[in-house]
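Undergrad: no FASTA, just this:
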């Protein structure tokens with residue numbers, strides 16, 4: 001009887017844990033969507049709502065990305081006109097850390113006024129702030145798309 005009761009409690013706990021994870025994954029999706037929308041709407045001043053104050057990123061060093069970085073230098077860490085992030089895997093590692101792995105399409109306008117598309121793979125580490133919001137903390141991106 002004790003074993004059945006213990007298993008029952010474990011199942012209840014796991015069910016609650018799974019629901020909590022779903023809520024956290026939904027919050028991460030909100031962060032991702034808000035980040036993409038702010039860039040699309042050119043609200044660069046709002047990007048700090050989606051990043052930690054010490055956010056760092058390393059982007060691809062291919063020719064197209066280097067041109068984009070140069071042209072968008074005034075915008076800071078995110079020099080593109082818009083981005084479409086397509087996560088392949090999002091994992092909540094702990095109460096305050098998660099990661100998001102996937103591919104993205106980045107659009108920017110070159111010096112000739114033409115819209116250019118760049119693709120990359122990314123790994124983003126997110127941290128949860130004291131208000132319960134997931135924020136981009138570190139990003140590493142590669143021009144290789146898998």
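TA: Great, that's in hand. Since we're looking at a predicted model, the values are computed, not measured.

Undergrad: ok, then the element right after the helix or strand of the chain with the lowest mean pLDDT?
TA: None of the helices or strands of the chain scores lower by mean pLDDT, DSSP states H and E than helix 2-40, at a mean of 75. Moving toward the C-terminus from helix 2-40, the first helix or strand encountered (DSSP states H and E) is strand 51-58.

Undergrad: which secondary structure elements does that next one contact?
TA: strand 134-142 (3 or more CB pairs under 8 Å, 6 or more residues apart in numbering; DSSP states H and E). Bear in mind the C-beta positions are built from the backbone N, C-alpha and C, glycine included.

Undergrad: ok, residues contacting the strand it packs on?
TA: For strand 134-142, the surrounding residues in contact (CB atoms under 8 Å, 6 or more residues apart in numbering) are 24, 27-28, 30-31, 35, 50-52, 54-60, 98, 104, 120-129.

Undergrad: got it, and stretch 120-131?
TA: Here stretch 120-131 makes contact (CB under 8 Å, 6+ apart) with 28, 31, 52, 59-60, 65, 85, 95-104, 106, 134-146.

Undergrad: Could you check which helix or strand contains residue 88?
TA: In this assignment (DSSP H and E), residue 88 forms part of strand 82-92.

Undergrad: Quick one: low-confidence residue ranges for the protein.
TA: Scanning the chain for pLDDT under 70 picks out 1-19.

Undergrad: how does it look with 80?
TA: Residue ranges of the chain with pLDDT under 80: 1-19, 74-77, 146.

Undergrad: and residue 112, helix, strand or coil?
TA: Here residue 112 is coil, with the state taken from DSSP: H, G, I helix; E, B strand; the rest coil.

Undergrad: mind checking how far it is from residue 67?
TA: 11 Å (CB to CB, to the nearest Å).

Undergrad: Give the buried residues for stretch 61-74.
TA: Within stretch 61-74, the residues scored as buried using 16 or more other CB atoms under 10 Å are 64-65, 67-69, 71-72.

Undergrad: same check, this time on stretch 74-87
TA: Residues of stretch 74-87 classed as buried by neighbour count (16+ other CB under 10 Å): 75, 78-81, 83, 85, 87.
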